[in-house]
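Q: build the 3D model from these lines:
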Amino acid sequence: MNSNLFAALGVSASSNIPMAMLLTKATIILLLALGMTVVMQRASAGARHLVWLVSVAALLFVPALTAWGPLPVRVLPALAAATDQSSSIAGSKSRETQTIDAGKTGLTGQSTPKVVTPPENGANAVISESSLKTGFSVLLLIWAAVMAVIAASLAYAALAVRRIVKRARPLDTPDWLNPLWEVSDRLALDQPPRLLRSEDAKMPFACGLFAPTIVLPAECDSWSLDRRRAVLLHELAHVRRHDLIGHTLGRLACAVYWFHPLVWTAAKQLRSESERACDDLALACGARAADYAEHLLDIVTSVRRDSTPSVALAMARRKEFEGRMLAILDPELRHSSPSRRQSATLIGSLALISIVVGAAAPAPRASSQRTPSASVKDLESAPIAKGKGYPDSYEIIDGSRTHVNTQMSMTQTERTSTGTSVNMQTANAQLFAQADPRADARPDPRVDVRVDAGADASEIAARAGLMKVLRQGGAKTAGAGSDERPALLAKVLATDKDAILRRIAAWGLAEYAQTQVAADALVNALRHDSDASVREMAAWSLADANKSSAATDALSAALRGDTNVPVRVISAWALGSVGDRSAIGPLTAALSDASPEVRKRALWAIGDLGPKQAPPAVIALLSDRDPGVRELAAWTLYQIEDPAAIPALESALRAEKSNKELQIAYIKALAATGEKSVDALKGLLESTDPEIKSIAVRALAGGDATGPWPWPWPEPRPFPE
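A: Predicted coordinates:
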């Protein structure tokens, strides 16, 4: 902004105005987020959480956007007034110079010198600006002091969490590891977090930005298996959604904008919506709403005083628990997470709006009138008029040219501003439309169904009707075995033109995979459906067709010949789940598949089926290029317990120099072969690595003494979307 304008306003250009702009921009962003979340009350908590997350993150980038990428917005008065004032000041200075010169002349000519008094209003302006700078400096010191106090409290909380984690002991027994791996699988986590038990914790909480950790109170020893799963579902949902990053951003925003009440509201809403989104994710992964709510209620009521440090994410807080309970038990609320398309739309729209607001810089409008500060004759007669002192002097002389240029500049600016406004309104309209779909198309809480923008009313109604059938159990009569859903879903899967509907139907038929009508429909879809996602879902559902030869044949054919990698991956996993040992041949052939994921699932399936002897192709994969494939080959040999694999395992162990996890896997596989592995294991007793030496001792003590394997996990449930 023009420094003359600041001077005319009597404020410091380097302090007050930028601070006021920063606060205004932050307020606009927060009010926009608040309005959007009010409109999105019937949308999912995950969508509202994204709104607050992007808004809070934008607050931290607003100062940088303001400083580095100003976008002029001509909303301030034109510079004519400032030019007039500058001209008058210049005139007064000129007159002052003339008086002094006259005085000098008078001294030369023996005349009386004249005393020149500085303008009174100029002195007041200097004093006013100095006072404003002093006041702003005091405010800046107060702001920095409070921010330092808040930052110190956050650092203290981080140290408290670190102390709790350091004093806790790991929960590494099978009764905890099994539900941990099961829940990690449901949430599609590549690596489960650390699970600790602490005497200092009263409430389960998640912590650790770079090394996620779940800390449970000492009371967890008495929890039932269902309660353990419920707690792990919620806490691992935080890890899956990376909520600790958002929580940290909210705390940082509160430290920087501690004086702004809307920022504290935003941080509170960010945390609240993240908790509800985790509840929704837990329900979507199969938890029953009533049981899940009961577990949460028991945990909250058992803790009278929650001392969880502020930087950690506690499972529940009393102040916000009532709203969560109502949301969990309300069947009309959407419990599904936003789809990738919806998330991208939300993030992109909010980021664009935040960038525009953050970069906007108020600028004076260009004047369309001639400046009356000096006449043309005066300007022509003054040497400075055409020099550096008046850069606009030529334009002033040629008034018509100045007028045309100014009008063209304003027209272009107005067009740009109008276009931006229209684009922002269009983006907001699309955002609200996607965030709040029509009520009659609301999916089942357990299922995340994407509603594409091109779907018409009939398609949306059909999907809603199908989900209603799955949710309510279909039409039933008094006779046993009269459930009409298998036939209805089989018909949809075979005849409907909508791929999303067919995928939902295949998902629903998993419950009836052992019936003839469902198995036939799924087999036909796996063999002939044109949509890969439908074939993938059909393969997953056939995993429940216990030892069905038709299912085994169809899955084997898909594993052998389907062009889609995910279909082959699911088919390999499903063959292991069906339990028909005749599938070992097709699975062994799949070990040469180009995709390492297919090879991994085929290995898992072979190990799950448990042949009496290890196929040579399994042993050969101990030298595969992919370390994950090599580890699964070791796990498969661990399951089969074939002594014929000992030489290959010894060779693989010697060749593996850097990957300790693989070394441990080979040792476990060797230990599983029994007494014949003693010669291979006793050499490890001389290892300089204490962990390898310890595992070797435990392996010699017995094949199962090395503890449970952390993977492979069962295949994640591919929800229709």
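
Q: phi and psi next, for A316.
A: When quoted as degrees, to the nearest 10, the phi and psi of A316 stand at phi -160, psi 150.

Q: on the pLDDT front, check it for me.
A: Taken from the predicted model, the pLDDT recorded for A316 is 76.

Q: so who does the nearest residue to it once chain neighbours are set aside touch?
A: The shortest distance from A316 to any residue that is not its chain neighbour, by CB to CB, 6 or more residues apart in numbering, is 4.7 Å, and that residue is V300. To be clear about C-beta, it is placed using only N, CA and C from the backbone, and glycine gets the same treatment. V300 makes contact with 316-318, 321, according to CB atoms under 8 Å, 6 or more residues apart in numbering.

Q: quick one: neighbours of the nearest residue to A645 once chain neighbours are set aside, just the number.
A: The spatially closest residue to A645, leaving aside those adjacent along the chain, is L637, at 4.7 Å (CB to CB, 6+ apart). As a burial measure, the neighbour count of L637 was computed by other CB atoms under 10 Å and equals 31.

Q: check whether L637 really touches L621, as I assumed.
A: No. Under the contact definition of CB atoms under 8 Å, L637 does not touch L621, with a separation of 9.7 Å.

Q: can you tell me which two in the contacts of V300 are farthest apart?
A: Of all pairs drawn from the contacts of V300, the one with the largest separation by CB to CB is A316 and R318; the distance is 7.7 Å.

Q: which of those two has more neighbours?
A: Counted by other CB under 10 Å, A316 and R318 do not tie: A316 has more neighbours, with 22 against 12.

Q: re earlier: now, the contacts of V300 that are in helices?
A: Among those, the ones falling in helices (DSSP state H) are 318, 321.

Q: and of the contacts of V300, the nearest to A266?
A: R317 (17.3 Å).

Q: what sits against the closest one?
A: R317 makes contact with 300, 306 under the criterion CB under 8 Å, 6+ apart.

Q: mind doing that once more with 10 Å?
A: Under the criterion of CB atoms under 10 Å, 6 or more residues apart in numbering, the neighbours of R317 are 203, 271-272, 275, 300, 303, 306, 308, 324.

Q: could you measure from it over to R229?
A: The span separating R317 from R229 equals 22 Å under the rule CB to CB, to the nearest Å.

Q: is it true that W635 touches L662?
A: No. Using CB atoms under 10 Å, W635 and L662 do not qualify as a contacting pair, with a distance of 11.0 Å.

Q: secondary structure class for the nearest residue to P170 once chain neighbours are set aside?
A: Once its chain neighbours are removed from consideration, P170 has its nearest residue in L196; the separation is 5.8 Å (CB to CB, 6+ apart). Per DSSP: H, G, I helix; E, B strand; the rest coil, the local secondary structure of L196 is strand.

Q: partners of L196 in the sheet?
A: Per DSSP bridges, residues listed as beta-bridge partners of L196: P170, V215.

Q: what is the burial count for it?
A: Here the count is done by other CB under 10 Å, and L196 has 20 residues near it.

Q: check the one 10 residues further on too.
A: The number of residues packed around A206, counting by other CB under 10 Å, is 23.

Q: got it, and L555?
A: 36.

Q: and the helix or strand harbouring it, what other elements does it pack with?
A: Counting by DSSP states H and E, the element that carries L555 is helix 549-561. Secondary structure elements in contact with helix 549-561, counted by 3 or more CB pairs under 10 Å, 6 or more residues apart in numbering; DSSP states H and E, are helix 516-528, helix 532-542, helix 565-578, helix 584-589, helix 596-609.

Q: now do the buried residues in the first one.
A: What that stands for is helix 516-528. Within helix 516-528, the residues scored as buried using 16 or more other CB atoms under 10 Å are 518-519, 521-523, 525-526.

Q: for the third one, same thing?
A: Going by neighbour count (16+ other CB under 10 Å), the buried part of helix 565-578 is 566-578.

Q: ok, the shortest one next?
A: Judged by neighbour count using 16+ other CB under 10 Å, the buried positions of helix 584-589 are 584, 586-588.

Q: okay, now A287: neighbour count?
A: Using other CB under 10 Å as the criterion, A287 is surrounded by 23 other residues.

Q: sec struct for it, please.
A: When the structure is reduced to helix, strand and coil (three-state DSSP), A287 reads as coil.

Q: now do the contacts for it.
A: For A287, the contacting residues are 183, 186, 226, 229-230, 233-234, 279, 281, 293, 295, 328, 446, by CB under 10 Å, 6+ apart.

Q: before we move on, the earlier item: could you export the buried residues of helix 565-578 as JSON lines, including distance to A253 and pLDDT?
A: JSON lines is the format used below for the buried residues of helix 565-578 (distance: CB to CB, whole Å; pLDDT from 0 to 100):
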{"residue": "P566", "distance to A253": "40", "pLDDT": "91"}
{"residue": "V567", "distance to A253": "45", "pLDDT": "94"}
{"residue": "R568", "distance to A253": "46", "pLDDT": "94"}
{"residue": "V569", "distance to A253": "42", "pLDDT": "92"}
{"residue": "I570", "distance to A253": "42", "pLDDT": "92"}
{"residue": "S571", "distance to A253": "48", "pLDDT": "93"}
{"residue": "A572", "distance to A253": "47", "pLDDT": "92"}
{"residue": "W573", "distance to A253": "43", "pLDDT": "89"}
{"residue": "A574", "distance to A253": "47", "pLDDT": "91"}
{"residue": "L575", "distance to A253": "51", "pLDDT": "92"}
{"residue": "G576", "distance to A253": "48", "pLDDT": "88"}
{"residue": "S577", "distance to A253": "47", "pLDDT": "86"}
{"residue": "V578", "distance to A253": "52", "pLDDT": "89"}
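
Q: now, which of those residues sits nearest P192?
A: Each of the buried residues of helix 565-578 was scored against P192 by CB to CB, and W573 proved nearest at 19.1 Å.

Q: if I look at the closest one, how far off is P193?
A: Going from W573 to P193 by CB to CB gives 24 Å.

Q: do the same with K668
A: According to CB to CB, K668 stands 22 Å off from P193.

Q: same thing with S530?
A: Summarising the geometry, the distance separating S530 from P193, computed by CB to CB, is 40 Å.

Q: comparing the two, which residue is more hemmed in?
A: When neighbours are counted by other CB under 10 Å, S530 and P193 differ, and P193 comes out ahead with 21 against 8.

Q: which residues does the nearest residue to the more buried one once chain neighbours are set aside contact?
A: Using CB to CB, 6+ apart and skipping the chain neighbours, the partner closest in space to P193 is P212 (3.8 Å). With contacts defined as CB under 10 Å, 6+ apart, P212 is in contact with 189, 191-194, 206, 235-236, 238-240, 242, 244.

Q: cool, and G607?
A: Under the criterion of CB under 10 Å, 6+ apart, the neighbours of G607 are 576, 587, 614, 618, 632-640, 709, 712.

Q: helices - which of the residues you listed land there?
A: 576, 587, 618, 632-640.

Q: ok, back up a step: and the buried residues of helix 516-528, which is closest to A672?
A: The shortest distance between A672 and any of the buried residues of helix 516-528, using CB to CB, involves L526 and amounts to 34.5 Å.

Q: my read: that closest one touches D562, true?
A: Yes. L526 sits in contact with D562 when judged by CB under 10 Å, with a separation of 8.4 Å.
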